[in-house]
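Engineer: Here is the input, now give the coordinates:
(one chain, ligands or ions: 1)
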Amino acid sequence: MTPGAGSAFDVAVIGGGIIGLAVGFELAREGARVAVLERERPGTGASRAAAGMLAPGHEAGTDPVLYELGLRSYRLWPPFARDIEAAAGTLTGYVGRGIAVVATDEPEAAGLRERAEREGAVRRLRWLPPDALPPYLDRFQGVRGALVFEEGGHVDPVATVRALAAAFAASGSLWTGAEVLDFRDEPGGPGASGRRLAAVRTPWGEVRAGTFVLAGGVSNAALSARLGVALPVIPVKGQVLAVQPPPDLRGFLDGQVPVFGNGVYLVPRLDGRLLVGATEEPEAGYDRSATLGAITRLAAAAQRLVPALERARWLGAQTGLRPGTPDRRPLLGPLPRYPNVIAAAGHYRNGILLAPLTARIVAGLCAGREPEFDLGPLDPGRFVTAPGSDHSMPGPCPGAGKGTAGSEGADTVRKHQWRS
Ligand SMILES: Cc1cc2nc3c(=O)[nH]c(=O)nc-3n(C[C@H](O)[C@H](O)[C@H](O)COP(=O)(O)OP(=O)(O)OC[C@H]3O[C@@H](n4cnc5c(N)ncnc54)[C@H](O)[C@@H]3O)c2cc1C
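Structural biologist: Next comes the predicted model:
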């Protein structure tokens with residue numbers, strides 16, 4: 001759809017990746033007049049490159065906040081997928097059969113066994129010794145046992161974004177080629193602290209809205225900096241390769257359970273492809289090129305785990321920039337000093353998993369509803385300093401909560417009724 005100059009909406013969402021589209025879809029079905037402004041085409045950012053795993057237990061590491069978020073969102077996925085598919089008439093590739101982590105040496109096996117004993121009841125995971133491995137691991141080599149998370153699954157992110165874009169476009173305004181180039185703000189009004197974003201400028205003209213959502217993936221750092229608020233969104237390049245496995249890996253494909261092991265993960269797609277991921281390259285900055293070194297390392301690690309992959313047919317590589325944050329938690333909530341700008345940013349390795357919950361949280365904030373749980377640990381203001389501040393990703397272990405200073409606008413989001 002092409003916009004007309006001076007268009008006005010209840011909510012304008014900047015960015016048409018999985019996060020912006022999920023937020024738009026949720027708002028539109030609540031009856032809001034909403035536009036998603038995408039500078040290229042939907043899903044041209046990180047969402048296109050993702051493996052699509054829904055792995056709350058494994059990805060959260062030791063961070064209880066991330067685990068709680070991931071689990072809540074994971075449980076929203078089945079109805080979310082159903083609703084998108086019904087509205088779009090195409091599939092998301094959702095499968096919820098769990099996630100497995102295999103050990104390939106004894107110290108690793110001991111660590112996973114110990115984790116199962118410690119967390120088994122809480123995170124619904126169990127340890128399977130080598131003589132009790134499921135059939136989908138038959139062609140894996142040297143496996144000393146597997147940790148299986150019951151609550152886990154995967155979707156096809158490309159299919160999901162395509163379906164979400166169609167589902168959203170049925171009731172909202174999806175603008176492509178609509179890069180947000182600039183902002184027009186104004187004083188917050190009598191008695192209000194902070195300022196108010198009045199409009200954004202795009203090549204199609206100015207777009208006015210009551211509330212704006214920042215959902216530009218790694219571009220959220222630059223977008224927020226233009227408002228004088230430096231959100232610490234850090235690009236973390238990831239590369240994934242796709243192959244057509246040989247027929248003797250049918251059992252693994254039929255299992256439809258993503259498997260982590262030997263430093264890589266293998267994700268079976270419903271269409272018969274197999275993804276091998278992924279690199280973590282924060283040093284690459286904003287470079288998105290696929291590199292031979294990374295792809296050969298992923299391929300070699302996957303073949304050590306599953307030797308039959310030597311005969312897999314090469315399909316291609318996909319790369320993307322994960323929107324990282326210093327504590328690996330997303331930035332969700334009003335921007336400091338701008339109560340009518342909601343950040344939906346920094347989903348790092350889990351934007352696909354967290355899309356349904358993010359959509360629900362952001363739609364609630366836009367409508368002025370009380371959040372269902374404490375959003376303090378996700379407050380976009382928790383790291384905010386001056387534009388240009390240096391932020392970097394922490395080491396491999398997820399950081400415990402950093403400061404959670406409240407943002408100025410958090411208590412000033414208005415109660416709002418969308419048109420009936
Ligand atoms: C290799 C890899 C594997 C991954 N695997 C998984 C996984 O298995 N599970 C999981 O949950 N997550 C995974 N992720 C993470 C996930 O992909 C991201 O967290 C998620 O895609 C972020 O979505 P987003 O919508 O915030 O950003 P994006 O998908 O990057 O979308 C942002 C959009 O905003 C647009 N935009 C930017 N600036 C502007 C502007 N000024 N005006 C208008 N539009 C703008 C961009 O064009 C883009 O389309 C993976 C990521 C990578 C790279």
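Engineer: quick one: the residue nearest in space to the middle of the chain and Trp175, what's the gap?
Structural biologist: Against the mean C-alpha coordinate of the chain, by C-alpha atoms, centre = their mean, the closest residue is Gly351 at 0.5 Å. Distance of Gly351 to Trp175, given as C-beta to C-beta, to the nearest Å: 21 Å. The C-beta positions use only the backbone N, C-alpha and C, and glycine is treated the same way.
Engineer: What's the local residue count around Ala301?
Structural biologist: 15 (other C-beta atoms under 10 Å).
Engineer: for it, what are its contacts?
Structural biologist: Asn262, Gly263, Val264 (C-beta atoms under 8 Å, 6 or more residues apart in numbering).
Engineer: which element is the residue nearest to the centre of the chain on?
Structural biologist: helix 351-367 (DSSP states H and E).
Engineer: do that helix and the ligand meet at all?
Structural biologist: Yes. Legend: contact between helix 351-367 and the ligand by C-beta under 6 Å from any ligand atom is shown at Gly351, Ile352, Leu353.
Engineer: Could you do stretch 142-158 as well?
Structural biologist: No. Stretch 142-158 does not reach the ligand (C-beta under 6 Å from any ligand atom); its nearest approach is 6.6 Å.
Engineer: ends of that stretch, how far apart?
Structural biologist: 33 Å (C-alpha to C-alpha, to the nearest Å).
Engineer: What are the buried residues along it?
Structural biologist: 143-149, 151-158 (16 or more other C-beta atoms under 10 Å).
Engineer: How about stretch 309-317?
Structural biologist: Leu309, Ala312, Ala317.
Engineer: out of those, who's nearest the ligand?
Structural biologist: The shortest approach to the ligand among these belongs to Ala317, at 9.9 Å (C-beta to the nearest ligand atom).
Engineer: Against Tyr265, how distant is the closest one?
Structural biologist: 15 Å.
Engineer: One more: Gly20?
Structural biologist: Distance from Gly20 to Tyr265, by C-beta to C-beta: 26 Å.
Engineer: got the angle between the longest helix along the chain and helix 351-367?
Structural biologist: Identified as the longest helix of the chain according to DSSP state H is helix 64-88. Calculated by axes from the mean of the first three to the mean of the last three C-alpha atoms, to 10 degrees, helix 64-88 forms an angle of 80 degrees with helix 351-367.
Engineer: where's Val276 relative to the ligand, distance?
Structural biologist: In this view, Val276 and the ligand are 11 Å apart by C-beta to the nearest ligand atom, to the nearest Å.
Engineer: for that residue, helix, strand, or coil?
Structural biologist: Here Val276 is strand, with the state taken from DSSP: H, G, I helix; E, B strand; the rest coil.
Engineer: so Thr104 touches Val264, yeah?
Structural biologist: No. Look at Thr104 against Val264 with C-beta atoms under 8 Å: they stay out of range, at 11.0 Å.
Engineer: before we move on, back to that, so which of the residues of helix 351-367 next to the ligand is the closest to Ala51?
Structural biologist: Ile352 (8.2 Å; C-beta to C-beta).
Engineer: Now do that closest one against Gly255, distance only.
Structural biologist: From Ile352 to Gly255 the distance is 20 Å (C-beta to C-beta).
Engineer: which one is Ser219 nearest to, not counting chain neighbours?
Structural biologist: Leaving out its chain neighbours, the residue that sits closest to Ser219 by C-beta to C-beta, 6 or more residues apart in numbering is Gly15, at 7.2 Å.
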